[in-house]
Every structure is written in C-alpha cells, then in structure tokens.
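> Predicted coordinates and the sequence they were generated for:
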Amino acid sequence: MSLLTKATPLRTLSKSLLKRSLHSTTPTATKVAVLGAAGGIGQPLSLLFKLSPHVDTLSCYDIVGTPGVAADLSHIPTATTTTGHLPSAGSWPPKSNDGLAEALTGADLVVIPAGVPRKPGMTRDDLFNTNASIVKTLVEGCAEFCPEAVLAIISNPVNSTVPIAAQVLKNKGVYDKTKLCGVTTLDVIRANTFIAGNQGMDPNGVDVTVIGGHAGITILPLFSRVPGVTLPADDLEKLTVRTQFGGDEVVKAKAGAGSATLSMSYAGYLFGENVLKAMKGEEGIVQCAFVENDLTDAPFFATPCKFGKNGVEEVLPFGELSEYEQMWFDKMMPDLKKQIQKGFDFVN
C-alpha cells in the first residue's frame, strides 16, 4: 500500500515545471486556498502549491501580510495564479468577511495551517484555546463560501481542531465526512525518515503506516509492516517514541524560535497534492488521514484512506497489530477520545 508516493516528489518539481506550458491544460480549473498563508507553515506551503502543476489558482489568506506573500509568489514563472487576501475592515451593520469570502469562493481544497506555533514546554493541547477559536472562525467561512471543498486541517491540536471543524459544519448543515481531514502526513514522513536512517535504507523507498491521532502517544507508527525489517526491542521503542515526539525535537532545537514549519509544509503539500490528483481522476491514491470512521470506538481516527474525485472514497482498515503496537493502541485510546471530545465541547 503506497501512502505518499503518489505525490510529486519535491526533487522532481523543477523538471515537471520545465515541461509545463504557460497556460493550464487542465479541463477544470482547480483552486486551492491556504488559510494562514503568511505564517511559518503557510508561506513555504504556499510556495510548494505555487510550484504544483495541479493548482490553477492559489488563494492566500491571513490576518496580515498576504498581499505581499501573493505578490512575491506571483514572480515565480508557473501557470498558477496567486491572490492575497486580508480580513475586511469592520462595518455596521455587520457583514461577512469580504476578504475571507474572496479567498474561499470557488475553492476545491482548503488547507488550514493558521494558528500560533508551539514553544518549548508547550504541548499541542496548550495551543487549544487560541487555535480552537481560529479554526472555528475559518471553518464557519468555509461552510458559507465553499461548502463542497475538501478541508485539510493542519492547525494543532489536530485531535481537537478536526472535531471542532466537524461540529461547525454540522451546525451549518453542510457536513460531509468525506471532505474533512486532519493532516497527519508529517507523522508518516518522520517515521519513514527515522526507520530509513536506522536501517541504512533510502527513505524514498520506505512507507510506514501511522495510525491514531496527531499528538504524542496518540501517534502510532506500524513499523512491523515495513518489509524486510525486524527491529530489536530497544530500537523499536526509540523509533516509536521519536516519531511520537518528533515535534518536541524541533521545538527544542529552534530554542523558542518556532516549531516544525518546513517539514510540516512539505507534509501538507504531499497531502494536498494527493487530494488534487485524486480529484482529477488519478486512481490508487491512498494516504493516512485523521477522519471520521467506525474502525475504533473513537469518532475520528487516523488510518489509510483511499481518495477519489470527491474526497475520501474509502476508509481502509489498519489491520492486525503486533503485541507491541497493541500496547500503544490501548494506551492511546483514552487520551485520543478525550482530546476529540474537547473539540466537540468547545463548539457546543
């Protein structure tokens, strides 16, 4: 099962761009909106989407800086058109946010990295109060201006912000579980990188399924599925914990200057690129995502999903777990369900 190889690898983007004409040859124009496009994740993520041959219009939205981001991106010679939008000024009587409306109207894919980054000592859950409000407001805009778009939530804590988005969409009467995803691709690429380093393998040839959620012990890499690899118990423990807490590694290394922005941007690009390819009819697109399903007694769970023209086409079972993985699964579930409920409670 290939979870990531369907996305255009970054190292081949320049080659694909050379072959690309100055005019889009896509039968149906595709619009991607990045909400939080001026931030540490949003800017490099927007750059990658500007380079993507699958994006016709890239709409950048944030509370500051997006006209400059869009102007900067517009100088890159690809066929993708870029626009930058800010919140509209307040008015009386109150009216919709015209800037958000312009950014979202006609969007096929909305990627949301908006929010504050983690700092040393902070957990994803510590971000909840600020980022929960941001995601709620932005998803209310999605419900109004692009209710049929696929939403890819990056804003942490994903285990809570995805349920927030779901409840907002339900309250607006436009919820479709096949179009709401939490992006957990960073956990997958970390697991691929870490085990490849351990085994002396090419990371591009490794594909680890990562299930559960997107925070700490709720992240469960299934290293037992990697063909030809049998890990000693101590290596398995170290790799599992490093994958679970890889974000902490980056936060500490940046010494308060930010969190995992560049790797998250690349992961968000990989996820979005796969969604867009599936929308355009490419078959066999499978990648892990945090989505609503009934595989466990948690209402949301990250598992491999098959994507199609309208979003998640099929939620795939994650299969039998090893004894070690089952131990982590049993340990994670109470925390995962609690974090999901926290999101629902915030809206309700």
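Now that the structure is in, tell me what you want to look at.

> who touches the most centrally placed residue in the chain in this structure?
Residue closest to the average C-alpha location in the chain (CA atoms, centre = their mean): V183, at 2.7 Å. Residues near V183 by CB atoms under 8 Å, 6 or more residues apart in numbering: V111, A152, I153, I154, V158, H214, A267, G268, F271, A289, F290. C-beta here means a position set from N, CA and C on the backbone, and glycine is covered the same way.

> Look up how far G308 lies from the first one.
Counting by CB to CB, to the nearest Å, the gap between V111 and G308 amounts to 19 Å.

> Show me which of those two is the more surrounded one.
V111 (29 against 17; other CB atoms under 10 Å).

> which residues touch F145?
Taking CB under 8 Å, 6+ apart, we find F145 in contact with L100, A101, L104, T105, A107.

> ok, of those, which one's closest to V347?
Set against V347, the nearest of these by CB to CB is L100 (18.8 Å).

> Which residue comes closest to the closest one once chain neighbours are left out?
Distance criterion CB to CB, 6 or more residues apart in numbering; nearest residue to L100, sequence neighbours excluded, is G141 at 4.4 Å.

> Assign the one you found to helix, strand or coil.
The three-state assignment at G141 reads helix, by DSSP: H, G, I helix; E, B strand; the rest coil.

> need the strands for the stretch 101-250 of the chain, in chain order.
Applying DSSP state E, counting those that start in this stretch to the stretch 101-250 of the chain gives strands spanning 109-112, 150-153, 180-182, 210-212, 219-221.

> Reformat those as CSV; add mean pLDDT and distance to D126.
Below are the strands of the stretch 101-250 of the chain laid out as CSV (pLDDT from 0 to 100; distance: least, CB to CB, whole Å):
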stretch, mean pLDDT, distance to D126
strand 109-112, 98, 19
strand 150-153, 98, 18
strand 180-182, 98, 18
strand 210-212, 98, 20
strand 219-221, 98, 17
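
> Distance to A302 added to the ones you listed, as a markdown table?
Formatted as a markdown table, the strands of the stretch 101-250 of the chain follow (distance: least, CB to CB, whole Å):
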| stretch | distance to A302 |
| --- | --- |
| strand 109-112 | 17 |
| strand 150-153 | 12 |
| strand 180-182 | 7 |
| strand 210-212 | 5 |
| strand 219-221 | 8 |
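
> can you put the contacts of V183 in TSV and add distance to P67?
Below are the contacts of V183 laid out as TSV (distance: CB to CB, whole Å):
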residue	distance to P67
V111	19
A152	24
I153	25
I154	22
V158	29
H214	31
A267	27
G268	22
F271	26
A289	32
F290	32
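
> quick check, nearest of the residues you listed to V315?
Checking the contacts of V183 against V315 by CB to CB gives A289 as the nearest, at 8.8 Å.

> Secondary structure class of that closest one, three-state.
Applying three-state DSSP: A289 is strand.

> and it, what is it in contact with?
By CB under 8 Å, 6+ apart, the residues touching A289 are C181, G182, V183, T184, F271, A302, T303, C305, V312.

> pLDDT score assigned to T130?
Per-residue pLDDT puts T130 at 87.

> List phi and psi for the residue nearest to it when sequence neighbours are not counted.
Excluding the flanking residues, the one nearest T130 by CB to CB, 6+ apart is V116, at 5.2 Å. Torsion angles at V116 (phi, psi; degrees, to the nearest 10) stand at phi -90, psi 150.

> In this protein, which helix is the longest?
The longest helix of the chain (DSSP state H) is helix 323-347.

> who touches that helix?
Counting by CB under 8 Å, 6+ apart, 125, 128, 132, 136, 157, 159-164, 166-168, 171, 212-213, 215-218, 220, 222, 224, 233, 236, 240, 296-301, 321 sit against helix 323-347.

> and if we set it to 7 Å?
Helix 323-347 is contacted from outside by 125, 128, 132, 136, 157, 159-164, 167-168, 212-213, 215, 217-218, 220, 222, 224, 236, 240, 296, 298-300, 321, using CB atoms under 7 Å, 6 or more residues apart in numbering.

> Give me the buried positions along it.
Within helix 323-347, the residues scored as buried using 16 or more other CB atoms under 10 Å are 325, 328-329, 332-333, 335-337, 339-340, 342-343, 346-347.
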